[in-house]
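Peer 1: Compute the structure for the input listed below.
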Amino acid sequence: MSTEKFRGGRSQNNISCYTIEIAECKDEINKILEECDHAYEQSVVKREYYLELLEKFDRYAVTAYAYNGTVLGYIVFYSNNPEYSYVSLIAVNPENQNEYIGKKLLKYCEDITRENKINTIRLEVRKNNSTAIRFYSANGYELIDNKDDKSFYMEKTINY
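Peer 2: Residues are numbered from 1 along each chain as shown. Next comes the predicted model:
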């Protein structure tokens, strides 16, 4: 569990102070994903393959989350090859957006990736999600390819 504290940006007269922590078991991952599910247009926890996804996250991924007594946001990422890490999911509760939580979660992923001597982080984003594309671009991610007619791949090269 991380003890690194962050002070977020201002959001309607409040400032959030939070830590980045690591989920340690499937039940904790499930609770975190459920708490932030309303950040998505299409529910993650109601997807047909959710239980399989949860099992994979528990076995192979890092689930880091911003916490201040409640879950503010999370990132799930993994690496199954030495060339890149892959961000599976990232979400910040709508009421906590614009507090730099997503940026800090991405940075946490980048730091872990760098520590493991991996140069690249890759993610997939829906083509119609212009807010997410702007967010990733502002954080140094570039469009690299079409996944299909609905999604792009984006990636960021980091130096270790």
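Peer 1: Please, where are all the strands along this structure?
Peer 2: Counting by DSSP state E, one finds strands in the chain at the ranges 5-11, 14-22, 62-67, 71-78, 84-92, 120-126, 142-146, 151-157.
Peer 1: Who does the third one pair with, and is each partner parallel or antiparallel?
Peer 2: Using DSSP bridges, the neighbouring strands of strand 62-67 in the sheet come out as strand 14-22 (antiparallel), strand 71-78 (antiparallel).
Peer 1: So which residues make contact with it?
Peer 2: The contact list for strand 62-67 (Cβ atoms under 8 Å, 6 or more residues apart in numbering) reads 2, 6, 18-23, 28-29, 32, 57, 71-78, 92, 96, 101, 104-105, 108-109, 112. Bear in mind the C-beta positions are built from the backbone N, C-alpha and C, glycine included.
Peer 1: Quick one, which of those are buried?
Peer 2: Those of the contacts of strand 62-67 that meet the buried threshold are 6, 18, 20-21, 23, 29, 32, 57, 71-77, 92, 96, 101, 104-105, 108-109, 112, by 16 or more other Cβ atoms under 10 Å.
Peer 1: can I assume Glu155 is in contact with Tyr141?
Peer 2: Yes: contact criterion Cβ atoms under 8 Å: Glu155 and Tyr141 qualify, at 6.3 Å.
Peer 1: what sits in contact with each of the two?
Peer 2: Common contact partners of Glu155 and Tyr141 (Cβ under 8 Å, 6+ apart): 121, 123.
Peer 1: still on that earlier bit, dump the strands paired with strand 62-67 into CSV; add distance to Thr63 as well.
Peer 2: Listed next are these as CSV, based on distance: least, Cβ to Cβ, whole Å:
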stretch, distance to Thr63
strand 14-22, 7
strand 71-78, 5
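Peer 1: To Asn128, which of those strands lies closest?
Peer 2: Closest approach to Asn128 among those is made by strand 71-78 (21.5 Å; Cβ to Cβ).
Peer 1: mind checking the longest helix of this structure?
Peer 2: Scanning the chain for the helix with the most residues, using DSSP state H, yields helix 101-115.
Peer 1: Could you tell me the angle between the direction of it and that of strand 84-92?
Peer 2: Taking axes from the mean of the first three to the mean of the last three Cα atoms, to 10 degrees, helix 101-115 and strand 84-92 form an angle of 160 degrees between their directions.
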